[in-house]
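K.L.:
sequence plus the predicted model coming up.
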Amino acid sequence: MNYNDNIRPELINLKPQLVACRHYLHQHPELSAKEYETQAYILNFLKKEGIECKEMGTTGVIGTIHGAKKGKVIALRADMDALPVTEKTGAAFSSVKDGVMHACGHDGHMAILLFAAKLINQSKSSLKGSVRLIFQPAEENIGGAERMISEGCLKNPSVEEIYGLHLWGAYPTGEIRTKSGPIMATNNEIKVTITGKSGHGAMPHQGIDSIVVAAQFISSIQTIVARNTSPFSSSVITFGTIEGGSAPNVIAPEVRLRGTIRSMSDEDKALLVKRIDEVLKGTCQAFNCQGELEVVHEGAYITLVNDHQRTENVLKIAKNLVGDSLVGEAYTMGAEDFSYYANELPACYFFVGAGNEEKGIIYPQHHSKFDLDDDSLLIGTEMFVRICGL
Ligand SMILES: [Zn+2]
Ligand SMILES: [Zn+2]
């Protein structure tokens, strides 16, 4: 089945505008909680379409489309922020802002939701219920979802279910993937400080070498996921930075590590924290030095759990659109603050393939050469419109 045959003709006709919209947003990326120009662009687009909309969450936007018929209130969400990455795609529509890039595809998410809104609004005489549009800032680190929820994005009218998507470079265009239950991880940044005692590099017995202790600690924690968490559950511990010492012939008095921990459940994440702390304290005790673990709560998200019934419905819609063979299961240890909406209401979050080897679109999310296959925008838009029953 060629999925293009199943995209509604009105959307096929809009493709040049849809792609141009994404390219414009791509050229003008803004960092988390600084999406002012993006917000103005979205408000302007929705107002031109005659869609009721307003600012929310400082740099976010909500809109509402009321159908002519009775039915439930569904929310569709797109995130808005870009990343502190210097773009190296060489694309004609590359970022015009130094060091800022839409390297996660949120430009595509906004274009999809804008054009889905346009199509839904044009069909509101057959729409059952209402559709709440949520353009949410600050997904990448600050957690804009919680702010939008606290400011009432799920109220007036009271939203009954919510859907979100991520364009995903690891899957080819045409594929749609999701599953019910946990689909994205809960995460925390962690900071570890190991404090020994400085001394001359030629006289190690007079100091306490924090680098040797750090090496022992890093090796030991590799057993936590291998030997403490269940083989049937998923967890990750990664240290991304290590720093310590000031000269090659001086015993380093302190080593600092920063990392991330991820799990598919709160219980597993609590176990990781407990075991990292125990291994740290035990290792430091053995070497007669001090170890401190700090769990950072900013930018930490809860597990994203999909509702069974809504996910079954999304899978059915996806199969009708792209065919059974292109629909499958997926989950990732990435974290996503859509989890906070899913914690409030029945929700389904799904991945829309956006990679394309033939077009050279092969780089992963957050990479300086990350790009989206623009054909994926049609699939995302069509999915959102069909989820609204149109
Ligand atoms: Zn991202
Ligand atoms: Zn993202």
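P.N.:
Yes, it's here. Ligands and ions are numbered 1, 2, ... in the order given.
K.L.:
where along the stretch 101-250 of the chain do the strands fall?
P.N.:
128-136, 161-172, 176-177, 181-184, 186-195, 199-200, 235-244, 250-251 (DSSP state E, counting those that start in this stretch).
K.L.:
closest to N2 out of these?
P.N.:
Nearest to N2, of all these, is strand 161-172, at 14.0 Å by C-beta to C-beta. Backbone N, C-alpha and C define where each C-beta goes, glycine included.
K.L.:
ok, F45 touching L114?
P.N.:
Yes: between F45 and L114 there is a contact at 5.3 Å, judged by C-beta atoms under 8 Å.
K.L.:
show me the strands in the stretch 251-390 of the chain, by range?
P.N.:
Counting by DSSP E, counting those that start in this stretch, the strands of the stretch 251-390 of the chain are 254-263, 290-296, 304-306, 327-328, 347-355.
K.L.:
nearest to P84, out of those?
P.N.:
strand 254-263 (16.3 Å).
K.L.:
partner strands of that closest one and their direction?
P.N.:
strand 186-195 (antiparallel), strand 235-244 (antiparallel) (DSSP bridges).
K.L.:
out of the ones you listed, deepest packed?
P.N.:
strand 186-195 (a mean of 20; mean count of other C-beta atoms under 10 Å).
K.L.:
ok now that one, how far from the chain's centre?
P.N.:
21 Å (C-alpha atoms, centre = their mean, to the nearest Å).
K.L.:
next, the angle from that strand to strand 290-296.
P.N.:
Counting by axes from the mean of the first three to the mean of the last three C-alpha atoms, to 10 degrees, strand 186-195 lies at 160 degrees to strand 290-296.
K.L.:
send me strand 186-195 as PDB with only the CA atoms.
P.N.:
What follows is strand 186-195, C-alpha atoms only, in PDB (Å, rounded to 0.1, in the frame of the first residue of the first chain):
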ATOM      1  CA  THR A 186      11.600   8.700  33.800                       C
ATOM      2  CA  ASN A 187      14.900  10.400  34.200                       C
ATOM      3  CA  ASN A 188      17.100  12.400  36.500                       C
ATOM      4  CA  GLU A 189      20.500  14.100  36.200                       C
ATOM      5  CA  ILE A 190      22.900  13.000  38.900                       C
ATOM      6  CA  LYS A 191      26.000  14.600  40.200                       C
ATOM      7  CA  VAL A 192      28.700  12.700  42.100                       C
ATOM      8  CA  THR A 193      31.700  14.300  43.900                       C
ATOM      9  CA  ILE A 194      34.500  12.200  45.300                       C
ATOM     10  CA  THR A 195      36.800  14.000  47.600                       C
END
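K.L.:
so, low pLDDT: which residues of the stretch 251-390 of the chain?
P.N.:
For the stretch 251-390 of the chain, applying pLDDT under 70 flags no range at all.
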